[in-house]
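S.K.: Mind folding the following:
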Amino acid sequence: MPTRRPLRRPATVGSVVAAALAAGLLVAPQSASAAEVRIHDIQGTTRISPLAGHQVTGVPGVVTAVRAFGPARGFWYQDPHPDADPRTSEGIFVFTGSATPDVKAGDAVLVSGTVTEYYPGGEAAGLQSVTELTKATWTVRSSGNALPAAVVLNPSTLPARYAPDARGGSVEKLPLKPGTYALDRFESLEGMRVSVQDAPVVGATGAHKDLWVTAAPRHDRTARGGTLYGSYRDPNSGRVKVASLVPYAQRPFPVANVGDVLTGTTAGPLDYDNFGGYTLQATELGALADKGLKRETTRKQKRDELAVATYNVENLSPRTPQAKFDRLASALVTNLASPDIVALEEVQDDNGTTDDGVVDAGQTLKKLTDAIAAAGGPAYRWRQINPVNDQDGGQPGGNIRTAFLFNPARVSFDDLPGGDSTTAVKAVREGGRAALSASPGRVAPTDAAWKNSRKPLAGQFTFQGQRVFVVANHFNSKGGDQGLDSRFQPPARTSEVQRTEQAKLVNGFVKQLLAADRRANVIVAGDLNDYQFSPALGALTAGGALTDQVTELPRKERYGYVFQGNSQVLDHILTSRHVSRTEYDIVHINAEFADQASDHDPQVLRWKP
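M.R.: Residues are numbered from 1 along each chain as shown. From the prediction side, this is the model:
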């Protein structure tokens, strides 16, 4: 975790300091007396302390929790005698760096130190700050004191509205309105003991030993127990991350899936970090009730149905453990019922992240298709185009790209020469039908919209005499966007500008095919890194060129990815008008589970020509 740094701008001397100055109670320059200062005075009524940058002495409170491991050690303490202002938090974190503080829960202490606003991830990351005491000293006055009661987080204490609208500016100087906005409510509880009761898990246990619960269990639930992210207007204010302050060797962290429940009480101080925002640092962790979430299996396509799937296989290379290849293969064969065509995303080159000019992915794809055959699946063949080295984003050196698998016993691939990494595929008219100028071919690969991003791969297939065009996509990521809990509200989604331009290019390519033949069978699939209600998807479907199959599902089933407790859509399959009589299924096998082969759920479209 980064070193704590004070605000770069000069600290504002608020009314507390002014009163101390007037009374002659400053013991040193930029120092406020304990006679005037308590924790709620330090926290203030906005996100920035009125005492930021100042030293305080002898501030009283009771230790509520200690973080005794990791690089950011310290303790939380809380004033057992709160003021009457709901905007002012009564708790605060005392940062001690790598040193374990010699205090324990229940100690009554007097703390002196410098009031600091710490920005997790750095101030440029756009997140909110945490008010802390740094360079601190303290005196233990007594031990064994009762802890202040935890504030229960539930629908009656958390407003449904998420954040104030600052028109994209910072909310830091706005007076907190904890009765109106959830982010303000969380901020008014920063450092204080909070709790959740019988909390449903809406984000599975992650690699960093944390999970997400909802304190609003009836709000926007998915069909399988998660929390649905269905619009920018409602980011689901009940979501809270849960971590543990107890070393894992003493108390293993629960391995939870979406839909499980932390029964009883989970309680601890409310923290904030750059890996998910407000976090309940649990000193008391509820028991895990396993609700038995099962991985889904889709039905087998019928003889006269074409099955097209998309699957982000998450940085797959020959260096990936064989166990992952086996799991991906088993999912394709069993859970996805051996689709006829698979659009793959995040296929890396043959030596993974070694950045030495290797771009071919033949070994990666052979290892996957061998695993599929070993799992009892078809003898899939593949088609792909090697990217220009280090030009398509993803992990440095990995050269990720999209690729097609296809089952030659069910569908044929129409190989048409001329496609390479920089030559744009075109829609042409051939024998009264639409065709590709090259198959496989890349869509507008030299256009600036694809800078540091994967280029779409177009392929021409034949199924039972029907020509079918499939475009595999992996649009640019959301990296660089401000988080939902950003201090800038509404948060800027800067990455969507590029995705929207990418979507316009794919939309234009589809329209070229439809201009050549209005009855052309076009399927656009892949990880589009955006929501069904986003500008990018609006650009992709513009003019009625495509229908996003996600929007045809019941609302509670519109998700295939879980991020920070929000079940959402990133992957899509879209179809042209003539591709009717379809059945579409997002197959939930990864995103809701702690044990994942990929962070994305695959999906499959079945179409009867």
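S.K.: and residue 88, helix, strand or coil?
M.R.: Per DSSP: H, G, I helix; E, B strand; the rest coil, the secondary structure class of residue 88 is coil.
S.K.: cool, and residue 327?
M.R.: At residue 327, secondary structure determined by three-state DSSP is helix.
S.K.: so how many other residues sit close to it?
M.R.: The local packing of residue 327 (other C-beta atoms under 10 Å) involves 19 other residues. For glycine as for every other residue, the C-beta is placed from the backbone atoms N, C-alpha and C.
S.K.: wait, isn't it in contact with residue 602?
M.R.: No - using C-beta atoms under 8 Å, residue 327 is not in contact with residue 602, being 12.0 Å away.
S.K.: Spatially nearest residue to residue 243, not counting backbone neighbours?
M.R.: Nearest non-adjacent residue to residue 243, counting by C-beta to C-beta, 6 or more residues apart in numbering: residue 210, 4.4 Å away.
S.K.: now residue 146
M.R.: That would be residue 106: by C-beta to C-beta, 6+ apart, it lies 7.4 Å from residue 146.
S.K.: Enumerate every residue touching that neighbour.
M.R.: 62, 63, 143, 144, 145, 146, 147 (C-beta atoms under 8 Å, 6 or more residues apart in numbering).
S.K.: Please determine how far the third one is located from residue 136.
M.R.: Translated: residue 143. 19 Å (C-beta to C-beta, to the nearest Å).
S.K.: Just want to know which of the two has more residues nearby.
M.R.: Taking neighbours as other C-beta under 10 Å, residue 143 and residue 136 compare with residue 136 leading, 20 against 14.
S.K.: Surely residue 605 touches residue 308?
M.R.: Yes - taking C-beta under 8 Å as the definition, residue 605 is a contact partner of residue 308 at 5.0 Å.
S.K.: intersection of neighbour lists for these two?
M.R.: Common neighbours of residue 605 and residue 308, using C-beta under 8 Å, 6+ apart, are 523, 525, 573.
S.K.: any idea which of the residues you listed has the most stuff around it?
M.R.: Neighbour counts for the shared contacts of residue 605 and residue 308 (other C-beta under 10 Å) peak at residue 525, which has 28 neighbours.
S.K.: For it, what is the enclosing helix or strand?
M.R.: Residue 525 is part of strand 521-527 when elements are defined by DSSP states H and E.
S.K.: For residue 249, give me the pLDDT.
M.R.: The model reports residue 249 with a pLDDT of 83.
S.K.: So it, which state does it fall into?
M.R.: Residue 249 is classified as coil under three-state DSSP.
S.K.: Please enumerate the strands of the stretch 51-200 of the chain.
M.R.: 55-67, 73-78, 91-97, 108-118, 130-142, 151-152, 193-203 (DSSP state E, counting those that start in this stretch).
S.K.: Okay, now the sheet partners of the second one, with direction.
M.R.: This means strand 73-78. The strands beside strand 73-78 in its sheet (DSSP bridges) come out as strand 55-67 (antiparallel), strand 91-97 (antiparallel).
S.K.: Tell me where this structure has helices.
M.R.: 15-22, 39-43, 182-188, 322-330, 362-374, 496-516, 535-540 (DSSP state H).
S.K.: need those in a markdown table with mean pLDDT, can you?
M.R.: A markdown table is the format used below for those (pLDDT from 0 to 100):
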| stretch | mean pLDDT |
| --- | --- |
| helix 15-22 | 47 |
| helix 39-43 | 98 |
| helix 182-188 | 98 |
| helix 322-330 | 98 |
| helix 362-374 | 98 |
| helix 496-516 | 98 |
| helix 535-540 | 98 |
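S.K.: Break this structure into its domains for me.
M.R.: Using automatic domain parsing, the domain parsing of the chain gives 15-142, 151-289, 306-607.
S.K.: In a markdown table: the ones you listed, plus distance to residue 295.
M.R.: As requested, the domains of the chain are exported to a markdown table (distance: least, C-beta to C-beta, whole Å):
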| stretch | distance to residue 295 |
| --- | --- |
| domain 15-142 | 33 |
| domain 151-289 | 10 |
| domain 306-607 | 4 |
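S.K.: can you tell which of those domains is closest to residue 296?
M.R.: For those, distance to residue 296 was read as C-beta to C-beta. The smallest value, 4.7 Å, belongs to domain 306-607.
S.K.: pLDDT value on the residue nearest to residue 433 when sequence neighbours are not counted, please?
M.R.: Spatially, and ignoring its direct neighbours in sequence, residue 433 is nearest to residue 517 (5.2 Å; C-beta to C-beta, 6+ apart). What the model reports for residue 517 is a pLDDT of 97.
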